[in-house]
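>>> The following comprises the amino acid sequence and a computationally predicted model.
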Amino acid sequence: MAELFYVNNFAVHFSNGGGEAVFEGLVILGRKFPDEKTVREMTDYLQYSLDTFGYGCRFFDVDKLPEGLNHRHLAEFARLINLFCIELTKTQSELEATRIDWSFARRMDFLARLMNMYSLIGDVLREKGIEIPKQEIPLSTEEKITVERERLLAVHRQTKHRLNNSEQFESWEKIAKLYEQDKTFTDLEILSLVYSISTELIDDSVSKEKKISIYKRFLKIRTQIGDKEDIELIGGIIEDIEKE
C-alpha cells in the first residue's frame, strides 16, 4: 500500500511510513499556531487522521475535501506544507520528532514531492480566488538541481501518457540536463539509462545535431562503463546519422 495525494487526477506518492511522517510533521508545525482557528482545525483533522485511519487512507482528495474542511483549510494546509519544506532544508529541525530518518537524500526526495503538492494546491485555490505565496525555499545551488530533477521526474511519470512523443522528449531533455548539471551525481548506470530513454524518444522533430549530441554523450557513458557491444552499436548509429 501507499499514501496518495490526489489533485486533478495527479497523484503524489508516499510510502505508508512517509505519509505518516508528513502528517506527524504537519501536526508538529500546526501546533505552533494555537490561536489561529483555521490552522487549528486543519491540524486537528490531521491528528484525527493519524489516530483514526490506517495506512493508505490518510491523504485526502483535494477535488473532494473531507467533511468539515473547506478551501480556507486547504490554504492553511499549503502553508504548513511550505513550513515543512523549510524544515527539510535544516540538518536539525523540529521534524526529528517524527518516526523517520531524515537523511539528505530523503529530505531532497520529500522536498520534491511536497513542492509539487504545494504547486498543485495553489492551482486549485487560484481557481477559487485564493492566492498563496510563491515558495521561496532556502536551497543551495546543488540542492536546487537535485530537487528540481526529482520534482520533474515525478511530473514526467504522471503526465507522459498525455504527451505526444515530441513533448515527452522535451520533458525528458530537461531532466537529462539536470542530471548533467549535478556534479555530485556519479552513478554511470543511471546516467546511461537517462540517455537510453532520450534515444528512445528521438523522432523526426529532433534536429540532426541534437541527435548526434545525445548519442555521443550516450557513447561516452557506455565507454566509461566499458560495454564493448554498446560502444560498437552506438558508434554505428552515430555514423548513420552523420550520413543523413
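Yes, it's here.

>>> Show me where the chain dips below the pLDDT cut-off.
For the chain, applying pLDDT under 70 flags the ranges 1.

>>> Quick test: name the residue nearest the centre of it.
Nearest residue to the geometric centre of the chain (CA atoms, centre = their mean): residue 151, 2.7 Å.

>>> how close does that residue get to residue 108?
Applying CB to CB, to the nearest Å, the value for residue 151 to residue 108 is 10 Å. Every residue, glycine included, has its C-beta placed from N, CA and C.

>>> Wait, the residue nearest to the centre of the chain touches residue 115, no?
Yes: contact between residue 151 and residue 115 holds when scored by CB atoms under 8 Å: they sit 5.8 Å apart.

>>> What ranges does this structure have for its strands?
Ranges of strands in the chain, per DSSP state E, are 2-7, 10-15.

>>> Which parts of the chain are helices?
Assigned by DSSP state H, the chain shows helices spanning 16-30, 37-52, 71-88, 104-127, 141-159, 165-181, 188-200, 208-225, 228-243.

>>> check contacts around residue 235.
By CB atoms under 8 Å, 6 or more residues apart in numbering, the contact set of residue 235 is residue 219.

>>> repeat that with 10 Å
215-216, 219, 222-223 (CB atoms under 10 Å, 6 or more residues apart in numbering).

>>> Could you provide the strands of the chain in a markdown table, with additional columns for mean neighbour count and distance to residue 137?
What follows is those, written out as a markdown table (neighbours: other CB atoms under 10 Å; distance: least, CB to CB, whole Å):
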| stretch | mean neighbour count | distance to residue 137 |
| --- | --- | --- |
| strand 2-7 | 17 | 19 |
| strand 10-15 | 17 | 17 |
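
>>> Turn those into TSV, including distance to residue 37.
Formatted as TSV, the strands of the chain follow (distance: least, CB to CB, whole Å):
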stretch	distance to residue 37
strand 2-7	24
strand 10-15	27
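
>>> what's the closest of the ones you listed to residue 96?
strand 10-15 (18.7 Å; CB to CB).

>>> Let me know the angle separating that closest one from helix 141-159.
Calculated by axes from the mean of the first three to the mean of the last three CA atoms, to 10 degrees, strand 10-15 forms an angle of 120 degrees with helix 141-159.

>>> ok, residues contacting strand 10-15?
Counting by CB under 10 Å, 6+ apart, residues outside strand 10-15 touching it are 1-6, 19-23, 55, 58-59, 61-62, 100, 109-110, 112-117, 119-120, 123, 154-155, 157-159.
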